[in-house]
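Chemist: Take a look and give me a structure for this.
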Amino acid sequence: MNNIKKVCFICFLFLVFNLAATADEFELNNVKDEYIGTYIPVDLELRLYQSKKFYESLLASRKYGATRPHDVLYLKKNKCYSDLGFHDGYAIKSKDFNDYKFITGKGGTFCIDNKGFLYRKICNAEHGSSEYAEYIMKIILANFIDSAKIKFDGKNLFIADKKYEVILDGMFFDTSNAAIWLFSDEAYVLERNGINGELYTSKMDEDDFARTKNVLIAKFPVMFKINANEIPDYSKVPKDQLRLFRNLIYARNGYIFKSADLREYYSSCSWYKQNPNFNESAMRKDEKDFIELMLKYEAK
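Modeler: Numbering: from 1, shown residues only. The predicted structure follows:
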C-alpha cells in the first residue's frame, strides 16, 4: 500500500512540475504598458489599402516561403497570442517572444517579431478582436460606413438594417474578388466590382469544402474609393467604369473636371487636390501611355 502511495505521489509531483513548466513556457515578463495592445502586419495593412479585399491582402502577405507573419498579435501583460493562418489563437513561447523588438515614434508603436516581420499597433485592447474587425472594415469601406445604407457597430455590419457578422477567417471561403465574408442567417460575400460593391448569397462548392458566391442580392454604386497611386488592371474593370478609371491619371495631377460625375467622385477622394495650373504636357510618359491604352481599350 505504501508503495502505491509513493507511486501516486511521484506521479502527482511529475504532473504538477510539467504543468508549471508548461505555464512558464508562455509567461512573459517586463512587458511595458505602452506596448500592450493589438497589432496587425504592416504589409497586410498596405495591401488592404490598395485592394480593399481582405483575404487577397491576407494571403498575399503570408507568401514568404518557409516563414510567414502572424495574421494578428494580441499582446497582454503576461501573454502574447497569435492568429496564424486560422481563427484559433495560440500563445507565443516566451523564448521566442524574447527576440521581439518594439519601436515607438511619430508613426505609432511598432513590433518586429523574431522572424523580422513588422507589425503596427492599432489599439490598446489586449484582445481587440472587435477593434481589429472595425479597423479592417473602415479600410475596406472607407467613407461608405455610416452612410444611409451601411453602418458598423464594432463587430457587426448593418446593411439595410440587416445585421451581418464580419468573418476574418478566410480558410473555408472562396476568396477571389471578395472584399469580406459576412454571416447572418447564412454566409454572404461582399465583392468589389471596380468601384461598386455587390452582395451575394453563398453555396457550398462541389467538394463540400468551401463556400462560394451564389445569387446577387444587392448592388452598391461607388462603394470603393480609388487610391491616388492605384494603376488598375483595366481588363477587370466593368465597362461602365472605364472612363472613371482612365481619368484617375488626370485626378492625380489635379485636373479640374468639367463633367459633374467625375468632379463629384474625385472630390470625394481625400487625396484629390485641384491644380489651377494643370498642364497636360507636364504629365509623365507612363501616365500618357496608360491613358492612350485605356482609350484604345474603351474603343473596343
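Chemist: which residues sit in contact with residue 99?
Modeler: Shown in contact with residue 99 (CB atoms under 8 Å, 6 or more residues apart in numbering): 113-114. Heads up, the C-betas are built off the backbone N, CA and C, glycines and all.
Chemist: Need the residue closest to the centroid of this protein.
Modeler: residue 54 (4.2 Å; CA atoms, centre = their mean).
Chemist: what's around the nearest residue to that residue once chain neighbours are set aside, how many residues?
Modeler: Once flanking residues are discounted, residue 54 sits nearest to residue 180: 5.2 Å by CB to CB, 6 or more residues apart in numbering. By the measure other CB atoms under 10 Å, the count of residues near residue 180 is 26.
Chemist: now the strands: where do they sit in the stretch 51-200 of the chain?
Modeler: Secondary structure of the stretch 51-200 of the chain (DSSP state E, counting those that start in this stretch): strands located at 73-75, 80-82, 90-91, 101-105, 108-112, 118-123, 150-152, 156-159, 162-167, 178-183, 187-193, 196-204.
Chemist: what's the shortest one in contact with?
Modeler: Same thing as strand 90-91. Outside strand 90-91, the residues that touch it by CB under 8 Å, 6+ apart are 26, 79-82, 84.
Chemist: What spatial separation is found between the residue nearest to the centre of the chain and residue 76?
Modeler: Counting by CB to CB, to the nearest Å, the separation of residue 54 from residue 76 is 25 Å.
Chemist: What of residue 194?
Modeler: Taking CB to CB, one finds residue 194 at 42 Å from residue 76.
Chemist: ranking the strands of the stretch 51-200 of the chain by burial, who's on top?
Modeler: When those are scored by mean count of other CB atoms under 10 Å, the highest mean neighbour count falls to strand 73-75 (a mean of 24).
Chemist: Report how many residues lie close to residue 133.
Modeler: Neighbour tally, residue 133, other CB under 10 Å: 20.
Chemist: I figured it hits residue 155, correct?
Modeler: Yes. Using CB atoms under 8 Å, residue 133 is in contact with residue 155, at 5.7 Å.
Chemist: Give the residues shared as contacts by the two.
Modeler: With CB under 8 Å, 6+ apart, residue 133 and residue 155 have common neighbours residue 166.
Chemist: before we move on, the earlier item: need the contact list for the residue nearest to the centre of the chain.
Modeler: Residue 54 neighbours (CB under 8 Å, 6+ apart): 48, 136, 140, 168, 170, 178-180.
Chemist: Roughly how far does the closest residue to residue 174 other than its chain neighbours sit from residue 184?
Modeler: Spatial nearest neighbour of residue 174, chain neighbours left out: residue 212 (4.2 Å); criterion: CB to CB, 6+ apart. Distance, residue 212 to residue 184, using CB to CB: 17 Å.
Chemist: same thing with residue 97?
Modeler: From residue 97 across to residue 184, the span is 38 Å (CB to CB).
Chemist: Mind checking which of these two has more residues around it?
Modeler: For residue 97 versus residue 184, neighbours defined as other CB under 10 Å are more numerous around residue 97 (19 against 13).
Chemist: Got the confidence number for the more buried one?
Modeler: Per-residue pLDDT puts residue 97 at 91.
Chemist: cool, the one 3 residues further on as well?
Modeler: The model reports residue 100 with a pLDDT of 91.
Chemist: I'd like to know how far the residue nearest to it when sequence neighbours are not counted sits from residue 34.
Modeler: Among residues not flanking residue 100 along the chain, residue 113 sits closest, at 5.5 Å (CB to CB, 6+ apart). Residue 113 sits 18 Å away from residue 34, going by CB to CB.
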